[in-house]
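**Q** Just to be clear, the model below is a prediction. Sequence and coordinates:
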Amino acid sequence: MSGGRLREPIRFLVFSASLRRDSLNTKLADLAATAVETNGGDVTVARMRDFDCPSYDLDVQNEDGFPPGAEEFRRQLEACHGFVVASPEYNASMPGTIKNLIDWASRFRPQPFDGRHGLLLSASPSLAGGNRGLWALRVPLEHLGARIFPDMFSLAMAHKAFAGEQIADEALRGRFEKNVQAFLSLAEAAKHYPCIKRAWVEFLGEPPGAGEDRVDPVAP
Ligand SMILES: Cc1cc2nc3c(=O)[nH]c(=O)nc-3n(C[C@H](O)[C@H](O)[C@H](O)COP(=O)(O)O)c2cc1C
């Protein structure tokens, strides 16, 4: 990436993990979508409602297959190189809705998070901006082989932080922009210079053959 632009477009799925109509996280996700586009990325914006799923149940999966929300999430994820999610913090963790969606999506083969780049954002009225929820959200995503960008942006006092559709504070707005740009640079570098050999197995030390329903085939 030079001069703040990608050399060629890379597509990102951008969505908010909140179902709420006036969601602060949806507002932040929309800002992220604009920032990705401004910096040369292609964007698909989705809403959490498109991905609504019943509580995960292996019996339901075995008897009825995947719910339409999980199918749609997989379709949109697979059409992208990476994703940006703005997630609320609920009780110092992620909302159950997004964990449930991750659980459903993790059952597809090939497993769609594997190798995809992810940027985590949050917005909360609290002073920590929902950052604890993002540390919780990293765990299942990294476990599933997603490359979650080290820096996460958490908008504190989010109910007062916007001026119209923008982040009101100029310095904070600059920090947000730089965070998105840095993420795009890494996703682009990884696309052009793939240097990390991928071999996603749920537990690397697991004896081959054990728990096969949880293991992706590994290239020799
Ligand atoms: C069930 C529940 C639990 C919450 N727990 C937290 C919390 O632990 N930390 C926090 O900063 N905000 C918490 N909040 C407040 C949310 O951050 C706030 O409602 C926020 O606006 C939700 O995001 P949204 O606007 O994108 O829907 C909680 C809200 C709900 C409904």
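**A** Arrived safely.
**Q** where does the protein have low pLDDT?
**A** Along the chain, segments meeting pLDDT under 70 span 1-8, 194-206, 208-220.
**Q** Check which helices and strands the lengthiest helix in it sits against.
**A** If you go by DSSP state H, the chain has its longest helix at helix 170-192. Other elements packing on helix 170-192 under the criterion 3 or more C-beta pairs under 8 Å, 6 or more residues apart in numbering; DSSP states H and E are helix 24-38, strand 82-86, strand 117-123, strand 153-155, strand 166-167. C-beta here means a position set from N, CA and C on the backbone, and glycine is covered the same way.
**Q** Report the buried residues of the first one.
**A** In this case it means helix 24-38. Judged by neighbour count using 16 or more other C-beta atoms under 10 Å, the buried positions of helix 24-38 are 24-36.
**Q** Tell me what residue 11 is bridged to.
**A** With DSSP bridges as the criterion, the beta-bridge partners of residue 11 are residue 42.
**Q** Would you mind confirming that it makes contact with residue 40?
**A** No: if you go by C-beta atoms under 8 Å, residue 11 and residue 40 don't touch, sitting 11.4 Å apart.
**Q** Would you mind telling me which of these two has more residues around it?
**A** Taking residue 11 and residue 40 together and counting by other C-beta atoms under 10 Å, residue 40 has the greater number of neighbours (18 against 15).
**Q** Secondary structure element for the more buried one, which one?
**A** Element membership for residue 40, per DSSP states H and E: none, as it lies in no helix or strand.
**Q** Verify the stated contact: it with residue 9.
**A** Yes: counting by C-beta under 8 Å, residue 40 sits close enough to residue 9 to count as a contact (6.4 Å).
**Q** If we go by neighbour counts, what in stretch 166-186 is buried?
**A** Of the residues in stretch 166-186, those buried (16+ other C-beta under 10 Å) are 167, 173, 176, 177, 179, 180, 181, 183, 184, 185, 186.
**Q** For it, which outside residues touch it?
**A** Contacting residues not belonging to stretch 166-186 are listed as 1, 4, 6, 10, 31-32, 35-36, 39-41, 82, 84, 117, 119, 147, 149, 151, 153, 155, 161-162 [C-beta atoms under 8 Å, 6 or more residues apart in numbering].
**Q** At the contact with the ligand, which residues of the chain appear?
**A** Taking C-beta under 6 Å from any ligand atom as the test, the list of the chain residues beside the ligand reads 18, 20, 23-25, 88-92, 123-126, 130.
**Q** Can you flag the buried ones in these?
**A** Using 16+ other C-beta under 10 Å, the buried ones in the residues of the chain next to the ligand are 18, 23, 24, 25, 88, 89, 90, 123, 124, 126, 130.
**Q** need the contact list for the fourth one.
**A** Read it as residue 25. 16, 17, 18, 86, 87, 88, 121, 122, 123, 130.
**Q** With the last one instead?
**A** By C-beta under 8 Å, 6+ apart, the residues touching residue 130 are 25, 87, 88, 89, 122, 123, 124, 154, 155, 158.
**Q** Could you measure from it over to residue 95?
**A** 10 Å (C-beta to C-beta, to the nearest Å).
**Q** between the two, what contacts are shared?
**A** 87, 88.
**Q** Kindly list the main-chain dihedrals of the residue lying closest to residue 107 once chain neighbours are set aside?
**A** For residue 107, ignoring the flanking residues on the chain, the nearest one in space by C-beta to C-beta, 6 or more residues apart in numbering is residue 61 at 6.2 Å. In terms of degrees, to the nearest 10, the main-chain angles of residue 61 are phi -60, psi -50.
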